[in-house]
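Q: after the sequence you'll find the predicted model.
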Amino acid sequence: MALGIIIGVSVIVSLLLIRLLHILYRSGKPISDKSPKSYSTLVVLGSGGHTAEMINLLLALDQNRFSPRYYIAAATDNMSLQKARSLENSLAEKAGIKVAADAVQYMQIYRSREVGQSYITSVWTTLVALVHALWLMLRVRPQVILCNGPGTCIPLCAIAFLFKIVGIRWSSIFYVESIARVRRLSLSGLILYKLRIADRFFVQWPHLQRIYPRADYVGCLM
């Protein structure tokens, strides 16, 4: 009995390791030509300059290619979602169409840690944020995740990476480091880079690309 349990656990662990190696190998590879015409896209917004940079990035994308879009921001960050709504209304107005309810959705997520919050109390809020992120990811199951630094992206990307391992959903994670990061990555960027969670990692300064060679230098996106 005990031997059977050990063998069963060993087989499961081996399969998960093989799956993990496959994910690490496949990450960063070009998307297949057999891919769908559009990709459900989760856009992670952050307060201040993060949202402004993300909107500039979205303006450069083919909106029809990355649709439907799900905007998500911290529960205490209403301004970012207002900016996202303004962007979508502007795009619809230029196209002469009305924003469809199923084409764009706006959501909020609990923060893992508020500014100035103690690390002891943040243990509980981090657990709550992870559970909330799990619920949101099960609901949305995006094919593409776009993020550029806010801490709210960490639980979402971690859940997305876990979904890849267990085969629930393959979400391609694209991380664009903020232009404000000239000499070192942000904590969010460092986590996603070191743990190889992001499929593609972009920086806006050549100095960063020399320090983090797996990153792609794309120049200034502002």
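A: Received, thanks.
Q: next secondary structure after the helix or strand harbouring Q209?
A: Counting by DSSP states H and E, the element that carries Q209 is helix 206-211. Using DSSP H and E, the helix or strand that follows helix 206-211 in sequence is strand 216-217.
Q: what packs against that next one?
A: Taking 3 or more Cβ pairs under 8 Å, 6 or more residues apart in numbering; DSSP states H and E as contact, the helices and strands that strand 216-217 lies on are strand 200-203, helix 206-211. Yep, even glycine has a C-beta here, placed from its N, CA and C like the rest.
Q: middle-most residue in this structure, spatially?
A: Note on the chain: the residue nearest the mean C-alpha position is I145, at 4.1 Å, using Cα atoms, centre = their mean.
Q: for A133, which of the helices and strands packed on strand 216-217 is the nearest?
A: strand 200-203 (20.3 Å; Cβ to Cβ).
Q: starting at the chain centroid, how far to the closest one?
A: 12 Å (Cα atoms, centre = their mean, to the nearest Å).
Q: got the contact list for G219?
A: Q204 (Cβ atoms under 8 Å, 6 or more residues apart in numbering).
Q: hang on, the earlier thing: possible to save the helices and strands packed on strand 216-217 as a markdown table with distance to A133?
A: Shown next, in a markdown table, are the helices and strands packed on strand 216-217 (distance: least, Cβ to Cβ, whole Å):
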| stretch | distance to A133 |
| --- | --- |
| strand 200-203 | 20 |
| helix 206-211 | 27 |
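Q: for T76, find the nearest of those.
A: strand 200-203 (27.4 Å).
Q: quick one: contacts of that closest one?
A: With Cβ under 8 Å, 6+ apart as the criterion, strand 200-203 contacts 27-28, 172-177, 181, 185, 189, 192-193, 209, 212, 214-218.
Q: show me which of those are buried.
A: 27, 172-177, 181, 185, 189, 192-193, 209, 212, 215 (16 or more other Cβ atoms under 10 Å).
Q: what about A84, how many residues nearby?
A: Residues lying near A84 (other Cβ atoms under 10 Å) number 22.
Q: before we move on, what SS does it have?
A: Counting by DSSP: H, G, I helix; E, B strand; the rest coil, the backbone at A84 sits in helix.
Q: pLDDT wise, what is the residue lying closest to it once chain neighbours are set aside at?
A: Counting by Cβ to Cβ, 6 or more residues apart in numbering, Y71 is the residue found nearest to A84 once chain neighbours are left out, at 4.3 Å. With respect to pLDDT, Y71 scores 97.
Q: please identify the helix or strand for Y71.
A: Per DSSP H and E, Y71 falls inside strand 69-74.
Q: list the helices and strands that strand packs on?
A: Here strand 69-74 touches strand 41-44, helix 78-95, strand 104-109, going by 3+ Cβ pairs under 8 Å, 6+ apart.
Q: buried sites along that strand?
A: 69-74.
Q: can you put those residues in a markdown table and add distance to Y39?
A: Shown next, in a markdown table, are the buried residues of strand 69-74 (distance: Cβ to Cβ, whole Å):
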| residue | distance to Y39 |
| --- | --- |
| R69 | 10 |
| Y70 | 11 |
| Y71 | 15 |
| I72 | 16 |
| A73 | 20 |
| A74 | 24 |
